[in-house]
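*Asks:* structure for the following, please:
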Amino acid sequence: VARTCPLFLLMLCLQSEYSLAQTDPLFSDYRRLQSYYNPAAIGLQRDLLLTASYHQQWVGIQGAPVNILVSAHTEQQWGKSYHGVGLVAIAQRAGLFTRTEAQAEYAFQLRWKGDKILSIGTGLGMINLVYDGTKAYIPDGGSMTPNDPSLPQTSVSGSTFDLAAGLLWQTPKYFVGVSGRHLSVPRITLNNLYYQQVPIHINAICGYNIMPPGALLTWHPSLFASTNLLSWRVDANLDLLLARRWEVGVMYRPLRAAGLRLGALFGKCHIGYLFEMPTSQLARGNWGSHELVVTYSLPMNIHKRGSNSYKSIRLL
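*Replies:* Numbers count the residues shown, from 1 in each chain. Below is the predicted model of the structure:
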């Protein structure tokens, strides 16, 4: 058990020879971070879209997960065909674990009438995992012993390749996407004795844009579902956009959390803040989860001369 946070080591399932189980990092703003969940959701705009996100989960609980994400992707037109290319990287610290991922993504797009897109994407990358056993505190007594061989006593690490794939159908009014992460079921070997088997994660995201002609206020409901076949997550969100600039929204994760989001568009930069509070017993002893997301749309003048057009990502 970790001295800094016993909860998180107890949540880790240990199997022989020994396996350290762990799930994907949790991000709240799945709509703006679609390229992390689905490689088909890249290159849907001409500009280079740069994104950075910081997520602090369960503030007040020592060892609670901290997640950082950075990504960049854009559209490429080769002849008469359209493609998306991008990169995404994440880092997570949870208890005594540090996990990093980096992935290159590519998407092939089929377009109808210019505004209906079927995107088929794939991603190839690496996962690295570090467990710092030197900071673990294992109590002596009962069924536990400080010399328990199922828990590393030193710092161990390992890395392996990873694979993702996804589909996305998008129109001006709605979008539907489904994807799979860790399709190769990567096994990260740590010090030739311990390993982590990363399970397949299946994700689905859909959203609808209610935009009455000439209205200052538009509505954007969306739904996100994810499972690794052992656990599940469902998020329901309703976002309101005023004058295509000011954003406010509410979210609900059944049996787990409820939250609020705020955002604003400043030129080509969008800044969003998201707050979640657990609705389960986890609400005791913490001040909720906080996430900051910043996106910047960098003009890319690669298709034609003249001024670059801009479309808010919230309307994608």
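
*Asks:* just to check, His182 is in contact with Asp162?
*Replies:* Yes. Taking contacts as C-beta atoms under 8 Å, His182 lies within contact range of Asp162: 5.9 Å. Heads up, the C-betas are built off the backbone N, CA and C, glycines and all.

*Asks:* quick check: neighbours shared by those two?
*Replies:* Val198 (C-beta atoms under 8 Å, 6 or more residues apart in numbering).

*Asks:* low-scoring stretches of the stretch 1-150 of the chain, by residue?
*Replies:* The stretch 1-150 of the chain contains residues with pLDDT under 70 at 1-22, 138-150.

*Asks:* ranges for the helices of it?
*Replies:* Using DSSP state H, counting those that start in this stretch, the helices found in the stretch 1-150 of the chain span residues 6-10, 34-37.

*Asks:* Ser157 should be in a helix, yeah?
*Replies:* No. Ser157 is assigned strand when assessed by DSSP: H, G, I helix; E, B strand; the rest coil, not a helix.

*Asks:* gap between it and Ser280?
*Replies:* In this structure, Ser157 and Ser280 are 32 Å apart, going by C-beta to C-beta, to the nearest Å.

*Asks:* who has more neighbours out of these two?
*Replies:* Ser157 (14 against 10; other C-beta atoms under 10 Å).

*Asks:* ok, now which ones touch the more buried one?
*Replies:* Per C-beta under 8 Å, 6+ apart, neighbours of Ser157: Asn128, Leu129, Val130, Tyr131, Leu190, Asn191.

*Asks:* out of these, which end up buried?
*Replies:* Applying 16 or more other C-beta atoms under 10 Å to those, the neighbour count classes Leu129, Val130, Tyr131, Leu190 as buried.

*Asks:* so what's the first one bridging to?
*Replies:* Right, the one you point to is Leu129. Arg99, Gly158 (DSSP bridges).

*Asks:* so what's it up against?
*Replies:* Leu20, Gln22, Phe97, Thr98, Arg99, Ser157, Gly158, Ser159, Ile188, Leu190, Gln196.

*Asks:* beta partners for the nearest residue to Gln109 once chain neighbours are set aside?
*Replies:* Sequence neighbours aside, Tyr82 is the residue nearest to Gln109 in space, at 4.2 Å (criterion: C-beta to C-beta, 6 or more residues apart in numbering). Listed by DSSP bridges, the beta-bridge partners for Tyr82 are Gln77, Gln109.

*Asks:* ok, now the one 10 residues further on?
*Replies:* On the basis of DSSP bridges, Gln92 is bridged to Asn67, Arg99.

*Asks:* burial count for it?
*Replies:* 21.
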